[in-house]
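[1] let me see the structure of the following:
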Amino acid sequence: MPQVNDNPAQTFKPAPWQVFAKAAGISESDAYAAWQKAVSGANNPNDMNEVNAAFQANLQKAGLVAGPTSPGTTPTTSGSGSISGGGSGLSAKDKARALANAQAGFEQMIRTWGIEMTPKLANMVERAAKGGWNSSAFMSAVRGTEEYHKQFPGIQWKKGMSEATYNSQFAAFQAKAQDAGYRLGRNGFAVALKKGIDSTEWTLRVGAIRQIKANEALFGEFRNELVARGMLKPNEKLDPKELYKLVTRRGSTQWTSIWNEASAATGLEAIGITVGKGEDISRHDLLSMLKVPVSQLNPGEVVKIDYAQLAATAAKALPASRLYGMGVTKKDLVEMALGGKNAAKTAERVNLAIGTAEATATEQRAVPQLNQGGMAMGTPTSQKVQATE
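    The predicted structure follows:
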């Protein structure tokens, strides 16, 4: 993209100073310097009459031209903004080529920003090309359009944000949002910028959305708990801000406590351990068990239970306990998983039950089974007897 202010070699070709340099036989860099000085010192940089007069004066002061330039040999910019020249000056073909190149450069600038070309912008491009605008003047004009503000809502100029930076950050935010099934538009991105949400914070927020969507049953249980405690009306929706704080471990102590209960209850129900009055474990008992691990957590953290391991332990311990009368219950196993006050004693009974069952099974596999005649099945003797019968 051409940058007139930074490097003359990157300007639209041929620009007014280039046309003049060719006609007058001076270097483009000298002509460019005189032109930029004229633009920066003009009361109205878009007034080509004023800029052209100052340009001519700068050339004379620098000794690059002797006296007033001749309209017949040095192309100038007319009051209407179009490039003009007479006699042996710029040909009609060169004028057309200059205009086409300038228009292409301005259109490319708009496309690079991702702005959709509209009839109004097309008209601006034409006026800029015919008027010999530099890229700074053109960018300034585009930034005042409705199309620009639609493409870059909330852009933070004071913090040095460029259009390229805006587009890059928006694309990154949008990609993370899509991963969570959340649609982020430019207006939403503008709100995030206004609130000072950086990429790290955005990642946390998107993670919260993903977690909420992936655990609808859990959040349903959590909502039921809030309603049961009078903290939420039956038809009231959960506050998204509070949910976000909760999921990102910034929620209130009370909400976190209820969340821990709901989380544990949902997880236990999933592996066949029911929670509630008259069930495997009451809510009161579950809350009591949760106090120990909760007390060891940082504010806002949630209790983590290895439900897969708990289910595997229950599958072994409960049948063994019933078989050998060791009295291990599902409630005991939950307390053991949560590290409750009786966890150590429960672990001893669970290990004893499982160990006894495994030892008995080993012994049974080691003792030969007898057939109806009292002979061991599968031994050489039994095979011999069977062969002679």
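[2] so where's the protein uncertain?
    Where the chain drops to pLDDT under 70, the residues are 1-26, 44-52, 64-90, 208, 211-212, 215, 240, 244-251, 291-303, 366-389.
[3] longest helix of it?
    helix 343-366 (DSSP state H).
[4] quick one: buried residues of that one?
    For helix 343-366, the neighbour count (16 or more other CB atoms under 10 Å) marks Ala343, Thr346, Arg349, Val350, Leu352, Ala353, Ile354, Ala357 as buried. (C-beta placed from N, C-alpha, C; glycine too.)
[5] which SSE is the residue nearest to Gly154 when sequence neighbours are not counted in?
    Spatial nearest neighbour of Gly154, chain neighbours left out: Ala190 (2.8 Å); criterion: CB to CB, 6 or more residues apart in numbering. Here Ala190 is covered by helix 186-194, with elements defined by DSSP states H and E.
[6] give me the number of residues near the residue nearest to Gly154?
    Residues near Ala190, counting by other CB atoms under 10 Å, number 17.
[7] go ahead and confirm it touches Pro153.
    Yes. The pair formed by Ala190 and Pro153 meets the contact definition of CB atoms under 8 Å, at 4.0 Å.
[8] contacts only, for Thr313.
    Leu333, Met336, Ala337, Val350 (CB atoms under 8 Å, 6 or more residues apart in numbering).
[9] try Ala361
    Contacts of Ala361 by CB under 8 Å, 6+ apart: none found.
[10] can you give me the buried ones in stretch 95-105?
    Those would be Lys95, Ala98, Leu99, Asn101, Ala102, Gln103, Gly105, for stretch 95-105 by 16+ other CB under 10 Å.
[11] inside helices: which ones of those?
    Per DSSP H, the buried residues of stretch 95-105 map to helices at Lys95, Ala98, Leu99, Asn101, Ala102, Gln103, Gly105.
[12] tell me how far the third one lies from Leu338.
    Here Leu99 is placed at a distance of 79 Å from Leu338 (CB to CB, to the nearest Å).
[13] for Ala137, same thing?
    Distance from Ala137 to Leu338, by CB to CB: 70 Å.
[14] what of Ala270?
    On the measure of CB to CB, Ala270 and Leu338 end up 16 Å apart.
[15] one more: Ala264?
    From Ala264 to Leu338 the distance is 8 Å (CB to CB).
[16] the more surrounded of those two?
    Ala264 (28 against 20).
[17] end-to-end on stretch 152-167?
    8 Å (CA to CA, to the nearest Å).
[18] oh, I was asking about stretch 159-166
    End-to-end distance of stretch 159-166 (CA to CA): 11 Å.
[19] buried sites along it?
    For stretch 159-166, burial by neighbour count (16+ other CB under 10 Å) applies to Glu163, Tyr166.
[20] who's in contact with that stretch?
    For stretch 159-166, contacts defined as CB under 8 Å, 6+ apart pick out Thr112, Trp113, Phe152, Ile155.
[21] and if we set it to 6 Å?
    Contacts with stretch 159-166, where a contact means CB atoms under 6 Å, 6 or more residues apart in numbering, come from Trp113, Phe152, Ile155.
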